[in-house]
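S.K.: For reference, the sequence and a predicted model appear below.
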Amino acid sequence: MEIIRVTDCKNNVSNIVYMYSGLSELLNGMSRNFSAYGDGSRSVLEIEADEGYSPMIRAEIEDRIADIIAVNYKYSYFSSAVHPYGLNRDENEILLSSLISADIDDDKSYIRRKIFCENEYSVDGLFNFRLAPLKRKWSEVVEYIPRTFDVEKLKDFITFILDEKNGTRVYVDNGKVFDCHFKRMNRTFLTGRQYGEYKLINEILLSGCGEAELLTSVTQAEEDILKEYFGGKIIFGKTYFCNQNN
């Protein structure tokens with residue numbers, strides 16, 4: 001038996017919740033016990049697992065840690081620094097999601113290389129002490145963002161990002177986003193912006209995809225937003241019009 005702990009600062013309890021919810025299905029079959037709690041100074045996920053399962057559990061934990069830093073920490077950094085004139089709040093959120101999406105695969109790959117196999121993973125410790133080059137990269141990106149922006153420039157930027165993703169596809173089913181293995185993606189939870197009609201476009205962007213296929217209908221407002229910003233990168237699946245809810 002092995003005890004594995006993942007911790008973050010007490011203000012980042014949502015990161016531990018994200019980790020817990022994402023691992024729940026896997027851990028139900030591989031862990032004797034797992035729990036998430038605050039100990040007064042830290043937010044904690046604790047897993048009690050048979051050693052035979054620990055490599056698989058650790059691999060999933062480390063991927064989720066990379067998610068947390070590449071999305072939550074990057075969002076926190078960019079949202080305090082990126083406020084160009086010409087965009088309203090919703091448009092600025094789309095810009096932030098686009099900036100995260102642009103390098104999310106490279107960021108996650110770099111982060112995973114800096115994670116060492118440990119009995120306790122400290123997310124904020126990893127970020128503060130092992131990822132200085134990543135923070136410098138983010139700072140350089142912020143410096144290149146124009147002080148003024150408009151919706152047309154935002155659309156052009158999204159088109160550029162999607163073209164760079166080489167056709168990687170996610171799927172939208174009942175308003176939820178799934179990757180190519182039909183694993184649900186819920187990265188907007190890490191930004192705290194997981195509600196409203198702009199939630200879906202941000203979730204698709206944060207997935208790091210190149211295109212999205214709609215398997216079931218979305219609201220008219222969501223469809224209009226997706227068409228406006230994604231154009232031909234939105235694919236209407238054969239089942240899309242079977243159960244219209246608009």
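M.R.: Alright, I've got the coordinates.

S.K.: For the residue positioned nearest the centre of the chain, which non-adjacent residue is closest in space?
M.R.: Centroid-nearest residue in the chain: residue 187, 3.1 Å away (criterion: C-alpha atoms, centre = their mean). Counting by C-beta to C-beta, 6 or more residues apart in numbering, residue 206 is the residue found nearest to residue 187 once chain neighbours are left out, at 4.0 Å. Every residue, glycine included, has its C-beta placed from N, CA and C.

S.K.: and the gap between the one you found and residue 221?
M.R.: Noted for residue 206: a distance of 19 Å to residue 221, by C-beta to C-beta, to the nearest Å.

S.K.: ok so, going back, how near is the residue nearest to the centre of the chain to residue 28?
M.R.: For residue 187, the distance to residue 28 equals 22 Å [C-beta to C-beta].

S.K.: give me the number of residues near residue 148?
M.R.: 9 (other C-beta atoms under 10 Å).

S.K.: Could I get the contacting residues of it?
M.R.: 84-86 (C-beta atoms under 8 Å, 6 or more residues apart in numbering).

S.K.: ok, the residue nearest to the centre of the chain touching residue 67?
M.R.: Yes. Contact criterion C-beta atoms under 8 Å: residue 187 and residue 67 qualify, at 6.6 Å.

S.K.: the more surrounded of residue 206 and residue 221?
M.R.: Just comparing residue 206 and residue 221: by other C-beta under 10 Å the higher neighbour count belongs to residue 206, 27 against 13.

S.K.: tell me the mean pLDDT for the longest helix seen in the chain?
M.R.: Identified as the longest helix of the chain according to DSSP state H is helix 13-30. Helix 13-30 shows a mean pLDDT of 88.

S.K.: Now do the nearest residue to residue 83 once chain neighbours are set aside against residue 221, distance only.
M.R.: Leaving aside its sequence neighbours, residue 83 sits nearest to residue 92 (C-beta to C-beta, 6+ apart; 6.6 Å). Distance from residue 92 to residue 221, counting by C-beta to C-beta: 18 Å.

S.K.: For this protein, which segments count as strands?
M.R.: 2-9, 31-38, 42-49, 120-122, 169-173, 176-178, 184-185, 211-214, 234-236 (DSSP state E).

S.K.: Which strands or helices does the helix or strand bottoming out on mean pLDDT in the chain pack on?
M.R.: The helix or strand of the chain with the poorest confidence is strand 31-38; it has a mean of 84 (mean pLDDT, DSSP states H and E). Contact analysis of strand 31-38 by 3 or more C-beta pairs under 8 Å, 6 or more residues apart in numbering; DSSP states H and E lists helix 13-30, strand 42-49 as its packing neighbours.

S.K.: Residue 90 touches residue 198, doesn't it?
M.R.: Yes. Between residue 90 and residue 198 there is a contact under C-beta under 8 Å: 5.0 Å.

S.K.: Look at these two and report which has more neighbours.
M.R.: residue 198 (20 against 15).

S.K.: Dihedrals phi and psi, that one?
M.R.: Main-chain dihedrals, residue 198, degrees, to the nearest 10: phi -90, psi 0.

S.K.: Can you report how many residues neighbour the residue nearest to residue 165 when sequence neighbours are not counted?
M.R.: Residue nearest to residue 165 in three dimensions, not counting chain neighbours: residue 210, with 3.1 Å by C-beta to C-beta, 6+ apart. A total of 16 residues lie near residue 210 under the criterion other C-beta under 10 Å.

S.K.: Next one: residue 210 from residue 133, what distance?
M.R.: Taking C-beta to C-beta, one finds residue 210 at 27 Å from residue 133.

S.K.: what about the helices in the protein?
M.R.: Under DSSP H, the chain gives helices at 13-30, 54-67, 74-79, 89-102, 104-113, 123-130, 132-144, 151-164, 199-206, 220-230.

S.K.: Report the mean confidence score over the last one.
M.R.: Per-residue pLDDT values over helix 220-230 give a mean of 96.
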